[in-house]
Every structure is written in C-alpha cells, then in structure tokens.
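Asker: Prediction below, plus the sequence it came from.
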Amino acid sequence: MSIRAEHLSLVHGLDPYVVVFHQRMDLTTPLGCLRVILQTLGVSRDAPGYFPLWLGTLTFYLCIRILVLPFYWYNFVSLILPQMDEIKRCGYQLCLVLFFCQPCGHLLNVYSWSRGFMSLKRYLMNRKTNVI
C-alpha cells in the first residue's frame, strides 16, 4: 500500500469530521470581530445595543465552541482509535496536529471565552456598584 492510499483513506475517514467542526466554529467570528471594531472605534460599553451584542457573542461562543467539546472529543476518539495504525504510518506530523495542536486550540477557546465572561462579570459588578 502506498503512502498516497494511506493519506486518502485518512482524509475520507477523519478529515471531514474535523474540518466541519472547525468550520462551524468560525460562525462566532463575525460577532467577536464586530465587538472588537466597536471597541477600537471608541464606542462605549454603555452604548445602546452594545450590551446585547456582548452577551449574544458570549452566549453564541459558548454554545458553538465550548459546550460541544466533550461531544467532539468523544466522537473524535471513536473515529481515531480504529485508525491508529494508519495514523502512525503517516508520520509524527499528523500525530502532532491531532494530539497537540488541536487540544491546544480548544484550550485557547475555553480560555478566550472565560476571559470574555470575566470581563462581562467585572463590567456588571462595576455597573451595579455605580448605580447604588
């Protein structure tokens, strides 16, 4: 069996699942970019519509990128285990991407969401103390 045939079977078995998952994660990008653009332009967090955008961005990000991770990894592992011999034959680069880069990217998503959530929490707490 040639290297080319091994790569083709891996692409048809595993890659579509991984690619679709990560493409779906890109649905959250426009809302986050809009918030950054508004923030860069100096739009106040107290401006009308900014708070719902902020809350919507965090909620959408949580639903699309964070809450699905356990399901993703469960399905990913069930796809990977039967193909481990094939993956090992493809070289260490594929193992590096699958078992190091992907988890690091997912951890960055969790970290990014938690930073956004803590920022929102600080804003609400400061707003509450300023009102009282």
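Answerer: Perfect, thanks for sending it. Numbering: from 1, shown residues only.
Asker: what about Tyr61, how many neighbours?
Answerer: 22 (other Cβ atoms under 10 Å). (Glycine included, C-beta is placed from N, CA and C.)
Asker: Do me a favour and get the backbone dihedrals for the spatially closest residue to it that is not a sequence neighbour.
Answerer: With Cβ to Cβ, 6 or more residues apart in numbering as the measure, Thr28 is the residue that lies nearest to Tyr61, at 4.8 Å, once sequence neighbours are left out. The phi/psi pair for Thr28 (degrees, to the nearest 10) reads phi -80, psi -10.
Asker: so who does Thr28 touch?
Answerer: Thr28 makes contacts with Thr57, Phe60, Tyr61, Ile64, Arg65, as judged by Cβ atoms under 8 Å, 6 or more residues apart in numbering.
Asker: Would you confirm that the third one contacts Gly32?
Answerer: It refers to Tyr61. Yes - counting by Cβ atoms under 8 Å, Tyr61 touches Gly32, with 7.1 Å between them.
Asker: in the helix or strand encompassing Asn130, what's buried?
Answerer: Following DSSP states H and E, the helix or strand that holds Asn130 is helix 102-131. For helix 102-131, burial by neighbour count (16 or more other Cβ atoms under 10 Å) applies to Gln102, His106, Asn109, Trp113, Gly116, Leu120.
Asker: any idea how far Met25 is from the first one?
Answerer: It stands for Gln102. For Gln102, the distance to Met25 (Cβ to Cβ, to the nearest Å) stands at 12 Å.
Asker: next one: the fourth one
Answerer: Trp113 sits at a distance of 12 Å from Met25 (criterion: Cβ to Cβ).
Asker: what touches both of these two?
Answerer: Arg65.
Asker: unless I'm mixing things up, Gly32 is touching Trp54, no?
Answerer: No - using Cβ under 8 Å, Gly32 is not in contact with Trp54, being 10.1 Å away.
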